[in-house]
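J.: Fold the following, please.
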Amino acid sequence: MASLPLLPVPDKPRLVGIARLAADGESIREGHNVEYFTLPSKSLLNRCVSNRAMPFTWTINPYRGCEFACKYCYARYTHEFMEMRDGLEFERKIYVKQHAAELLRQELKRVKADESIALGTATDPYQPAERRYEVTRGILEEFARHRGFELGIVTKSNLVVRDIELLKSVARANKISVHITVTTLDTELARILEPRAPRPDLRIDALRELARAGIRVGISCSPVIPGITDSPKDLEALVRTAAEAGADYVFANPLFLKPCSAAVFLPFLEQNFPHLAENYRQRYQGRAFLPPAYGKRLSQLILRLREKYKLTHRRDRAAFATKWPVEAFDEQLNLFEKIL
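T.: This next block holds a predicted model:
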């Protein structure tokens, strides 16, 4: 019997840029359904490019991917740059950036005096990987050697209290604010929405410790999820709790769903909130953002609650106000007014 001719093996697509660097990364540890890789990096500081009005000019993300596995996470698309199209890979393959502090030292000269820096816009800088690899800590140690910068940190993790003394050191010569994300005070609901993030009460405890240490700190209740976390009663409880814990501010933004996020979030709705699934499909069909009217109502509600619980003018705190909770919130409200 004659043998069949061998067919040529198709060439694999040639990887370039961040995809090639990720492919070259070395596997350094495995956790519960999570694998960690090194990521050779050529740059740490990224200029923010967005069609939306953003309250910062530069971003820093010490890691790629986030183990907290929040069902609504908008940043899953960042793994697509590494040719990873499965949205779940974002929470299962975590890339640890190498030589972060050294890169930052070289790149800070690019930042102008009126430009602010956001740490943790796409992945949480205090996710579990930080306990072992301390990339975020190294970045803060570098900032402590400089003066005149404005830095905002976004996190869902109470691990941030590990760095209280370091944050105080940074704050002596720079403007720094810590934005702790709490979407709900309901522990069971948070466990469903944010499976591997610390409990809400632990985040509130972290806020309290940071406030006692004199660090400017507030709550980001973002995203606000329609029909799940957006009741006025629940939002008021969150703002009241934040005020009692010593927060300087609270701000909020409604849920937006990129296609990569919707691919994870909509099946999650079908399983856990089936009565909302069709409504979401209609409201987000062909768009990532809700109609402006929803955002305007949310902004006005949060503004009233801030005023009620005296979170608009904290006279016992530092005179400066970070662009994040103040300018961004006001710009957001003005934007909705113009659209309507």
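J.: What strand or helix carries residue 263?
T.: Here residue 263, judged by DSSP states H and E, is contained in helix 259-272.
J.: repeat for residue 217
T.: Per DSSP H and E, residue 217 falls inside strand 216-220.
J.: list the helices and strands that strand packs on?
T.: strand 175-181, helix 200-212, helix 232-244, strand 250-251 (3 or more C-beta pairs under 8 Å, 6 or more residues apart in numbering; DSSP states H and E). Every C-beta, even on glycine, is put in place using the N, C-alpha and C of the backbone.
J.: for this protein, what spans make up the helices?
T.: Here the chain has its helices, by DSSP state H, at 17-24, 89-92, 100-107, 129-133, 135-143, 164-171, 187-193, 200-212, 232-244, 259-272, 274-283, 292-308, 328-339.
J.: right, and the ones you listed - which one's nearest residue 224?
T.: Minimum separation from residue 224 across the helices of the chain (C-beta to C-beta) falls at helix 292-308, 5.8 Å.
J.: what does the average pLDDT come to for the closest one?
T.: Average pLDDT, helix 292-308: 95.
J.: Which strands and helices lie in contact with the helix holding residue 263?
T.: Based on contacts counted as 3+ C-beta pairs under 8 Å, 6+ apart, the elements that helix 259-272 packs against are helix 274-283.
J.: what about the helix it packs on, distance to the chain center?
T.: Relative to the centre of its chain, helix 274-283 is centred 25 Å away, using C-alpha atoms, centre = their mean, to the nearest Å.
J.: cool, stretch 60-70 as well?
T.: Offset of stretch 60-70 from its chain centre (C-alpha atoms, centre = their mean): 8 Å.
J.: first to last residue in it, what's the distance?
T.: Chord length of stretch 60-70, first to last residue, is 20 Å (C-alpha to C-alpha, to the nearest Å).
J.: list the buried ones in it?
T.: Judged by neighbour count using 16 or more other C-beta atoms under 10 Å, the buried positions of stretch 60-70 are 60-70.
J.: In the stretch 201-340 of the chain, where is pLDDT below threshold?
T.: Applying pLDDT under 70 to the stretch 201-340 of the chain picks out residues 313-340.
J.: just to revisit the earlier point, can I get the helices and strands packed on strand 216-220 in a markdown table with mean neighbour count?
T.: Shown next, in a markdown table, are the helices and strands packed on strand 216-220 (neighbours: other C-beta atoms under 10 Å):
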| stretch | mean neighbour count |
| --- | --- |
| strand 175-181 | 24 |
| helix 200-212 | 20 |
| helix 232-244 | 18 |
| strand 250-251 | 24 |
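J.: which outside residues touch the strand holding residue 217?
T.: Residues outside strand 216-220 that contact it (C-beta atoms under 8 Å, 6 or more residues apart in numbering) are 154, 171, 176-182, 207, 210-211, 238-239, 242, 246-253, 311, 317-318, 322, 325.
J.: now stretch 201-215
T.: By C-beta under 8 Å, 6+ apart, stretch 201-215 touches 156-158, 160-161, 164, 167-168, 171, 176, 178, 180-182, 185, 187, 217-219, 241-242, 245-248.
J.: Of those, keep whichever come out buried.
T.: 156-158, 160-161, 164, 167, 171, 176, 178, 180-182, 185, 217-219, 241-242, 245-248.
J.: Please state the offset of stretch 104-121 from the chain centre?
T.: Using C-alpha atoms, centre = their mean, the offset of stretch 104-121 from its chain centre is 17 Å.
J.: got it, and stretch 245-265?
T.: In terms of C-alpha atoms, centre = their mean, the centre of stretch 245-265 is set 8 Å apart from its chain centre.
J.: and the residue lying closest to residue 290 once chain neighbours are set aside, what is it in contact with?
T.: The shortest distance from residue 290 to any non-neighbouring residue, by C-beta to C-beta, 6 or more residues apart in numbering, is to residue 254 (5.4 Å). Residues counted as contacts of residue 254 (C-beta under 8 Å, 6+ apart) are 223-224, 226, 230, 289-290, 294-295, 298.
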